[in-house]
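Enquirer: all I have is the shape, not the residue letters:
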């Protein structure tokens with residue numbers, strides 16, 4: 001028993017030596033074969049032709065951005081900033097260049113001498129027709145400026161009241177031109193008498209050298225007073241009167257002058273086609289705010305009419321310019337006659353005070369539906385086309401723009417002048433209408449009045465019962481019949497001469 005235990009202990013003592021021997025042999029064998037396999041694999045991979053495309057070499061890391069020393073010059077730091085902000089630099093360059101160009105152009109235009117032509121003895125040779133109401137401050141101020149620049153100014157008068165206002169201006173070269181468009185025959189005779197004045201030879205002093213005058217421009221200034229009210233509260237008769245006075249009259253006035261514009265008058269070697277300028281307010285028509293349907297409708301229609309007129313006269317080399325007006329400061333413009341006011345116009349803006357601000361006369365349903373928003377809109381910053389808290393643009397800008405169009409320096413089809421004309425044109429083109437309405441105080445109306453029958457108490461029904469057939473037609477526009485009286489005639493009849501005694505008497509003796 002003791003011998004068996006001794007043998008077992010001897011075997012156990014010999015295991016570490018044998019294990020060390022066997023593990024060393026195994027490690028040597030594995031190392032030898034791994035080196036052979038790795039060498040074979042390396043040679044095989046190196047011999048493949050496409051290994052570079054499969055495993056491209058890793059690119060080197062980008063160099064760190066240059067760090068300017070603290071002692072770098074301002075030029076170096078500026079160059080580095082420009083290199084890191086190329087887009088912003090480009091925008092700054094464009095904005096700076098635009099501002100510099102406009103400043104230079106305004107500086108040059110402000111120093112430009114604007115004077116009309118004169119004859120050798122000082123006679124006035126250029127005539128401008130202003131087709132606008134003499135009660136408007138815009139018509140009066142523009143006529144005075146054109147007269148100061150050396151033009152003979154003829155203001156279109158539609159009645160004796162307009163003629164009295166023109167004569168009260170007491171300027172020898174500002175004369176009335178009677179043109180009643182409701183009388184087509186008389187309007188045609190007036191245009192023919194004015195054409196004879198343009199064809200006649202004149203002299204600055206009695207017995208002096210004769211010269212001919214020329215028509216340089218026809219300036220159309222429509223009425224600028226508009227009603228502000230919800231569409232539901234404007235009676236049809238008001239729309240009829242509005243279209244008659246604000247839309248139909250300007251169109252018929254231009255139509256009356258077209259035979260004169262499209263005919264060569266004066267010497268052929270010095271003949272130049274006259275210009276046509278159409279003025280319209282642009283703020284309200286650009287953004288079309290609520291409760292301004294009359295002005296937005298009329299001004300949009302006049303703009304479309306001007307575009308069509310320009311397209312028709314372009315082949316005849318007669319330029320038509322649409323002058324889109326903002327607001328102007330009339331505080332420095334006062335009438336020459338004491339105690340006379342400038343109509344009902346706002347002295348600080350182009351447009352008169354809005355009409356129809358009283359909501360008490362509205363029906364209850366209309367007052368509940370539109371009253372709150374109407375009051376909020378009327379008190380907004382751009383109510384009735386004004387910019388509250390800001391004075392209007394300078395009238396000298398308008399005078400310069402008109403003269404540049406007349407003498408041909410500005411050949412643009414559309415000229416924007418006055419405070420807000422350009423800004424609101426941009427707003428109306430790119431800003432959503434819902435945002436414009438919100439800015440003007442328009443809010444959602446959640447509660448509406450209940451329906452109430454108004455047939456019995458309708459003003460139209462009452463008027464029909466009282467006035468009969470006359471009240472039934474009060475809402476229609478009466479368009480005068482256009483006959484041969486508005487067509488250009490080459491006749492030199494005695495009737496044509498005698499129909500224009502005022503112009504013969506006004507212009508015959510001093511030009």
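Expert: Nice, thanks for sending it over. In this text, all values refer to a predicted model and were calculated from it rather than measured experimentally. Residues are numbered from 1 along each chain as shown.
Enquirer: flag every buried residue along the helix or strand residue 95 falls within.
Expert: Here residue 95, judged by DSSP states H and E, is contained in helix 86-110. By neighbour count with 16 or more other C-beta atoms under 10 Å, helix 86-110 contains no buried residues. Any C-beta I mention is one placed from the backbone N, CA and C, and that applies to glycine too.
Enquirer: likewise stretch 395-406?
Expert: By neighbour count with 16+ other C-beta under 10 Å, stretch 395-406 contains the buried residues 395, 397-406.
Enquirer: what lies in contact with it?
Expert: Residues outside stretch 395-406 that contact it (C-beta atoms under 8 Å, 6 or more residues apart in numbering) are 109-110, 112, 114, 128, 141-142, 145-146, 149, 216-217, 219, 275, 277, 319, 321, 323, 325, 328-330, 332-333, 410, 415, 417-418.
Enquirer: how many residues are close by the residue nearest to residue 327 when sequence neighbours are not counted?
Expert: Excluding the flanking residues, the one nearest residue 327 by C-beta to C-beta, 6 or more residues apart in numbering is residue 392, at 3.9 Å. Neighbour count of residue 392, defined by other C-beta atoms under 10 Å: 23.
Enquirer: repeat for residue 315
Expert: For residue 315, the count of nearby residues is 7 (other C-beta under 10 Å).
Enquirer: backbone phi and psi for it, please?
Expert: Note on residue 315: backbone dihedrals following degrees, to the nearest 10 are phi -60, psi -20.
Enquirer: and it, what pLDDT?
Expert: pLDDT for residue 315: 93.
Enquirer: re earlier: the residue nearest to residue 327 and residue 283 touch, don't they?
Expert: No - Residue 392 lies out of contact with residue 283 (C-beta atoms under 8 Å); the separation is 11.1 Å.
Enquirer: list the residues that contact both of the two?
Expert: Common neighbours of residue 392 and residue 283 (C-beta under 8 Å, 6+ apart) are 326-327.
Enquirer: who's in contact with residue 198?
Expert: By C-beta under 8 Å, 6+ apart, the residues touching residue 198 are 127, 212-215, 265-266.
Enquirer: and those, which is closest to residue 450?
Expert: Closest to residue 450 out of the contacts of residue 198 is residue 215 (62.0 Å), distances taken as C-beta to C-beta.
Enquirer: how much space separates the closest one from residue 407?
Expert: Relative to residue 407, residue 215 is positioned 14 Å away (criterion: C-beta to C-beta, to the nearest Å).
Enquirer: now do residue 142
Expert: Distance of residue 142 to residue 407, given as C-beta to C-beta: 15 Å.
Enquirer: the two - which one has more neighbours?
Expert: Shown here are residue 142 and residue 407; by other C-beta under 10 Å, residue 142 has more neighbours (23 against 17).
Enquirer: coming back round to it: now do the helix holding residue 95: which elements does it pack against?
Expert: The helices and strands touching helix 86-110, judged by 3 or more C-beta pairs under 8 Å, 6 or more residues apart in numbering; DSSP states H and E, are helix 395-406.
Enquirer: mean confidence for the helix it packs on?
Expert: Average pLDDT, helix 395-406: 91.
Enquirer: so what touches the helix or strand just after it?
Expert: Proceeding N to C from helix 395-406, the next assigned helix or strand is strand 414-417, under DSSP H and E. With contacts defined as C-beta under 8 Å, 6+ apart, strand 414-417 is touched by 282, 321-326, 393, 397-398, 401, 405, 422, 425.
Enquirer: tell me the one of these nearest residue 90?
Expert: The shortest approach to residue 90 among the contacts of strand 414-417 belongs to residue 422, at 23.8 Å (C-beta to C-beta).
Enquirer: you'd agree the closest one is in a strand?
Expert: No - with DSSP: H, G, I helix; E, B strand; the rest coil as the criterion, residue 422 is located in helix rather than a strand.
Enquirer: and stretch 220-232, which residues are buried?
Expert: Under the neighbour-count criterion of 16+ other C-beta under 10 Å, stretch 220-232 has 220-230 buried.
Enquirer: just the endpoints, please. Distance across it?
Expert: End-to-end distance of stretch 220-232 (C-alpha to C-alpha, to the nearest Å): 31 Å.
Enquirer: ok, now which ones touch residue 157?
Expert: 134, 163, 166, 176-179.
Enquirer: ramachandran angles for it?
Expert: Phi and psi for residue 157, reported as degrees, to the nearest 10, are phi -120, psi 130.
Enquirer: what pLDDT is listed against residue 47?
Expert: Residue 47 is assigned 69 on the pLDDT scale.
Enquirer: returning to that earlier point: now the buried residues of stretch 395-406 as TSV including distance to residue 95?
Expert: Formatted as TSV, the buried residues of stretch 395-406 follow (distance: C-beta to C-beta, whole Å):
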residue	distance to residue 95
395	29
397	22
398	27
399	29
400	25
401	24
402	30
403	30
404	26
405	28
406	33
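Enquirer: show me which of these is closest to residue 260.
Expert: Of these, the one sitting nearest to residue 260 (C-beta to C-beta) turns out to be residue 406, at 16.5 Å.
Enquirer: what's the closest non-adjacent residue to that closest one?
Expert: Closest residue to residue 406 apart from its sequence neighbours, by C-beta to C-beta, 6+ apart: residue 217 at 4.8 Å.
Enquirer: who are the packing partners of the helix or strand harbouring the one you found?
Expert: Secondary structure assignment for residue 217, by DSSP H and E: strand 214-221. For strand 214-221, the elements it packs on are strand 126-132, helix 137-148, helix 249-261, strand 275-281, helix 395-406, judged by 3+ C-beta pairs under 8 Å, 6+ apart.
Enquirer: who touches the longest one?
Expert: Put plainly, it is helix 249-261. So helix 249-261 is contacted by 129, 131, 156, 158, 179, 181, 187-188, 191, 194-195, 215, 218, 220, 222-223, 273-274, 276, 278, 302, 305, 309, 313, 318, 480, 482, 486-488 (C-beta under 8 Å, 6+ apart).
Enquirer: go again using 7 Å as the cut-off
Expert: Defining contact as C-beta atoms under 7 Å, 6 or more residues apart in numbering, one finds that helix 249-261 is touched by 131, 156, 179, 181, 187, 191, 195, 218, 220, 222, 274, 276, 302, 305, 309, 318, 486-488.
Enquirer: which members of these are classed as buried?
Expert: Neighbour counting by 16+ other C-beta under 10 Å classes 131, 156, 179, 181, 187, 191, 195, 218, 220, 222, 274, 276, 302, 305, 309, 318, 486 among the contacts of helix 249-261 as buried.
Enquirer: neighbours of the residue nearest to residue 121 when sequence neighbours are not counted, how many?
Expert: Leaving out its chain neighbours, the residue that sits closest to residue 121 by C-beta to C-beta, 6+ apart is residue 204, at 3.9 Å. For residue 204, the count of nearby residues is 18 (other C-beta under 10 Å).
Enquirer: can you check the one 5 residues further on too?
Expert: Counted with other C-beta under 10 Å, the neighbours of residue 209 add up to 12.
Enquirer: which residues does it contact?
Expert: Neighbouring residues of residue 209 by C-beta under 7 Å, 6+ apart: 120-121, 203.
Enquirer: helices and strands around the strand or helix carrying residue 295, which ones?
Expert: Using DSSP H and E, the element containing residue 295 is helix 293-313. For helix 293-313, the packing partners by 3 or more C-beta pairs under 7 Å, 6 or more residues apart in numbering; DSSP states H and E come out as helix 249-261, strand 275-281, helix 283-287, strand 320-325.
Enquirer: try 10 Å this time
Expert: Here helix 293-313 touches strand 214-221, helix 236-242, helix 249-261, strand 275-281, helix 283-287, strand 320-325, strand 414-417, going by 3 or more C-beta pairs under 10 Å, 6 or more residues apart in numbering; DSSP states H and E.
Enquirer: what residues sit buried inside it?
Expert: Buried residues in helix 293-313, defined by neighbour count with 16+ other C-beta under 10 Å: 293-299, 301-303, 305-306, 309-310, 313.
Enquirer: stretch 234-252 now?
Expert: Applying 16+ other C-beta under 10 Å to stretch 234-252 flags 234, 238-240, 242-243, 246-252 as buried.
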